[in-house]
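Peer 1: Provide a 3D model corresponding to the input given below.
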Amino acid sequence: MLLSKFFERPTRTIFLKMECITKTNYSGNAITFKRYRGRTFHPDTPGNVGEHLDDITSLPSRPEDVLLCTFAKSGTHWVFNMAKMIQTKSLQYSGTPKMLDYLDIGTFNKMASPRLFHTHMTYPFIPKAAAEGKMKVIYVLRNPKDVACSYYKFLCNVKTKEYDGSFDGFLQHFLSEEFIGSGGSWFTHTREWNTAMLTNPDLKILCLRYENLKKDIYQNIVRIAEFMEVDHEVSFLKKVEEAVSFEHLKNEHATVLGERELWKHKGDNGRLPIYRKGIIGDWKNMFTVTQNEQFDAVYKEKMTDVGVNIEFDYE
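Peer 2: Residues are numbered from 1 along each chain as shown. Take a look at the predicted model:
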């Protein structure tokens, strides 16, 4: 479902500047986001959100475009660098992807082809061209317990304060719809993307699992290359495998290649704190038994009727 069908919107002329909302839960833990038409969006979403969403949905496509779609902390930078190396036939580290969520749409119109860009947006807010199959989509899904832990640590390490509080307080926000999203919580994001894959036959989409990537990265690199229709020798794809190892990417990110002007308000020299552990199962080091039981109960309530297999490897 496209944004134009999702909301009955007022005209652009009556949009007003949007202030951020800060919600405090029962234990005094505060989270900050923007809200538009009942949906939550990251505070860095430009302007009043509505106009920016219109710009995203109307982005003109090109034949070789690839859109990477993830919920935050689901392997975004890792998969972006894999795909970028394959697309450009270069082993150069490309740092942080250009994100539809936060940049003026003119930035993407000026990009040289072939383009590879990224969004955390949930399905109704992606470019219309992507929903119509006019650009390829790579979608990455990670188990939500590790997502929650990684996102919490990320927010603790950025200069801005989208969240201020304990991990327990953060988890309560994560399990609700009052969360920093790009159109919704992890649950909404995952439900809507999986519904789209079931109901939209026009989507040209490759769905990757973070945990499968960790266990067999080379075969997934081959899948990406085949999906992007880029021919490469086995020897080059093996070099990509080496170049996107966690330690190599972490070291490259620590150089000037990891700096971005856009993120100077968040990290030193615009370098986001994105590489921490990159492992499966780190949630076991953070969740208490009670927290795990609460998480499982909410997951069962919100996700059991999803029409595709989204069983996760939590180990």
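Peer 1: C-alpha from now on. contacts and neighbour counts both.
Peer 2: OK.
Peer 1: Contacts for the helix or strand residue 302 falls within next, please.
Peer 2: Under the criterion of DSSP states H and E, residue 302 resides in helix 289-303. With contact meaning C-alpha atoms under 8 Å, 6 or more residues apart in numbering, helix 289-303 is reached by 168, 175, 187, 191.
Peer 1: ok, the last one to residue 299 distance?
Peer 2: Residue 191 sits 11 Å away from residue 299 when distances are taken as C-alpha to C-alpha, to the nearest Å.
Peer 1: all helices of this structure, in order?
Peer 2: Along the chain, the stretches classed as helices by DSSP state H are 3-6, 50-57, 76-88, 105-109, 128-131, 144-157, 167-174, 186-199, 210-215, 217-227, 234-243, 246-253, 289-303.
Peer 1: who wins for proximity to residue 24 among those?
Peer 2: Closest approach to residue 24 among the helices of the chain (C-alpha to C-alpha): helix 167-174, 9.2 Å.
Peer 1: Quick one: mean pLDDT over the closest one.
Peer 2: Averaging pLDDT along helix 167-174 yields 94.
Peer 1: repeat for stretch 245-260
Peer 2: Mean per-residue pLDDT for stretch 245-260: 83.
Peer 1: same question, stretch 103-123
Peer 2: Averaging pLDDT along stretch 103-123 yields 95.
Peer 1: Could you check how far that stretch is from the centre of its chain?
Peer 2: Mean-position distance between stretch 103-123 and its chain equals 13 Å (C-alpha atoms, centre = their mean, to the nearest Å).
Peer 1: Could you give me the buried positions within that stretch?
Peer 2: By 16 or more other C-alpha atoms under 10 Å, the buried positions in stretch 103-123 come out as 103, 105, 108, 115-123.
Peer 1: Next, format those as CSV and append distance to residue 214.
Peer 2: What follows is the buried residues of stretch 103-123, written out as CSV (distance: C-alpha to C-alpha, whole Å):
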residue, distance to residue 214
103, 30
105, 33
108, 30
115, 26
116, 22
117, 22
118, 21
119, 22
120, 21
121, 24
122, 24
123, 25
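Peer 1: So which of those residues belong to strands?
Peer 2: 116-119 (DSSP state E).
Peer 1: closest to residue 59 among those?
Peer 2: Using C-alpha to C-alpha, residue 117 comes nearest to residue 59 of these, at 11.8 Å.
Peer 1: Which strand residues bridge the closest one?
Peer 2: Following DSSP bridges, residue 117 is listed with bridge partners residue 67.
Peer 1: Report the separation between it and residue 34.
Peer 2: Counting by C-alpha to C-alpha, the gap from residue 117 to residue 34 is 23 Å.
Peer 1: before we move on, what about residue 129?
Peer 2: For residue 129, the distance to residue 34 - C-alpha to C-alpha - is 26 Å.
Peer 1: quick one: which of those two has more around it?
Peer 2: Applying other C-alpha atoms under 10 Å to residue 129 and residue 34 shows that residue 34 carries more neighbours, namely 26 against 19.
Peer 1: What residues does that one make contact with?
Peer 2: Per C-alpha under 8 Å, 6+ apart, neighbours of residue 34: 18-21, 40-43, 45, 49.
Peer 1: and with 10 Å instead?
Peer 2: 18-22, 40-49, 179-183 (C-alpha atoms under 10 Å, 6 or more residues apart in numbering).
Peer 1: what residues are up against residue 274?
Peer 2: By C-alpha under 10 Å, 6+ apart, the contact list for residue 274 reads 73, 75-78, 96, 150-151, 153-154, 157-158, 250, 253.
Peer 1: can you give me phi and psi for it?
Peer 2: Dihedral pair for residue 274: phi -100, psi -20, per degrees, to the nearest 10.
Peer 1: And it, how close does it get to residue 180?
Peer 2: Separation of residue 274 from residue 180 (C-alpha to C-alpha) stands at 17 Å.
Peer 1: Ok, residue 292 next?
Peer 2: 21 Å.
Peer 1: neighbour-wise, which of these two wins?
Peer 2: residue 180 (24 against 15).
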